[in-house]
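1. build me a model:
(chains A and B)
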Amino acid sequence: EVQLLESGGGLVQPGGSLRLSCAASGFTFGSYAMTWVRQAPGKGLEWVSAISGSGGTTYNADSVKGRFTISRDESKNTVYLQMNSLRAEDTAIYYCARGLGRAAAGTGWVYWGQGTLVTVSS
Amino acid sequence: QTVVTQEPSFSVSPGGTVTLTCGLSSGSVSTSHYPTWYQQTPGQAPRTLIYSTNTRSSGVPDRFSGSILGNKAALTITGAQADDECDYYCVLYMGSGIYWVFGGGTKLTVL
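-> The predicted structure is shown next:
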């Protein structure tokens, strides 16, 4: 059974940093692209970042480019989202999700975790 | 700026059929956008219903189907049930530079 468990959320001040983790199990981690999607309180879904199964290709939304970095550790079956220079508008539940194959381009994000809440406030 | 459009709200009678759509502010949706549909109830993570236009995710009943209708992606729900009342989101793959764009979601009411 595919399982994705996010952690690392919390309260952070504007301008601060946070690293989210997503621990994966139930599948061959390196064979699948992964992504982060967020949802601000009472709002819709917004794609944030994605990474190919090999880790060699990453993609970022314009809203987080230069501030957020996605990475993965095959030895720990974990994908990360390093978030720097956080702003109030980054406040959201952050979900990780798994793609259909190794390539991120064109994939659908099918399996989702339960999310972790990030609150940016002074 | 690329905008993915969805009906903000829709209503269907119990047992009825409803088709939700997912379009583009400019241009047509095709299978090359790999439309994916999600269902989300309050306080829960999204649940994948349909991916790659018309492939049902594991465990999703065949009451849910996906297609391209005209210039939009479509999610059709037949035999609507009370627990179908929730939010539905689509996402399209837009290619390099933009990547994945979600629609604003449709709030479905069953009454």
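2. quick check: closest non-adjacent residue to the most centrally placed residue in chain A.
-> Geometric centre of chain A, nearest residue: A:Trp36, 2.7 Å, by C-alpha atoms, centre = their mean. Of all residues not flanking A:Trp36 in the chain, A:Val48 sits nearest, at 4.4 Å (C-beta to C-beta, 6 or more residues apart in numbering or on different chains). C-beta here means a position set from N, CA and C on the backbone, and glycine is covered the same way.
3. which residue lies farthest from the center of chain B?
-> Most distant residue from the mean C-alpha position of chain B: B:Gly97, 23.2 Å away (C-alpha atoms, centre = their mean).
4. check the gap between that residue and B:Val18 for me.
-> 34 Å (C-beta to C-beta, to the nearest Å).
5. now do B:Phe10
-> 6 Å.
6. report the contact partners of the residue nearest to the centre of chain A.
-> A:Trp36 makes contact with A:20, A:22, A:48-50, A:70, A:79, A:81, A:94-97, according to C-beta atoms under 8 Å, 6 or more residues apart in numbering or on different chains.
7. mind redoing it with 10 Å?
-> A:6, A:20, A:22, A:46-51, A:60-61, A:64, A:68, A:70, A:79-81, A:83, A:94-97, A:109, A:113 (C-beta atoms under 10 Å, 6 or more residues apart in numbering or on different chains).
8. ok, the helix or strand hosting it: who's next to it in the sheet?
-> Using DSSP states H and E, A:Trp36 sits in strand A:34-39. Here strand A:34-39 has these sheet partners by DSSP bridges: strand A:45-51 (antiparallel), strand A:92-98 (antiparallel).
9. one step back: neighbour count for B:Phe10 and B:Val18, which is higher?
-> Using other C-beta atoms under 10 Å in any protein chain shown as the criterion, B:Phe10 and B:Val18 rank with B:Val18 on top: 20 against 17.
10. for the nearest residue to the more buried one once chain neighbours are set aside, what are its contacts?
-> In this structure, B:Val18 finds its nearest non-sequential neighbour in B:Val12, 4.0 Å apart by C-beta to C-beta, 6+ apart. B:Val12 is in contact with B:18-20, B:77-78, B:80-81, B:84-85, B:108-111, counting by C-beta under 10 Å, 6+ apart.
11. how about 6 Å then?
-> B:18, B:80, B:110 (C-beta atoms under 6 Å, 6 or more residues apart in numbering or on different chains).
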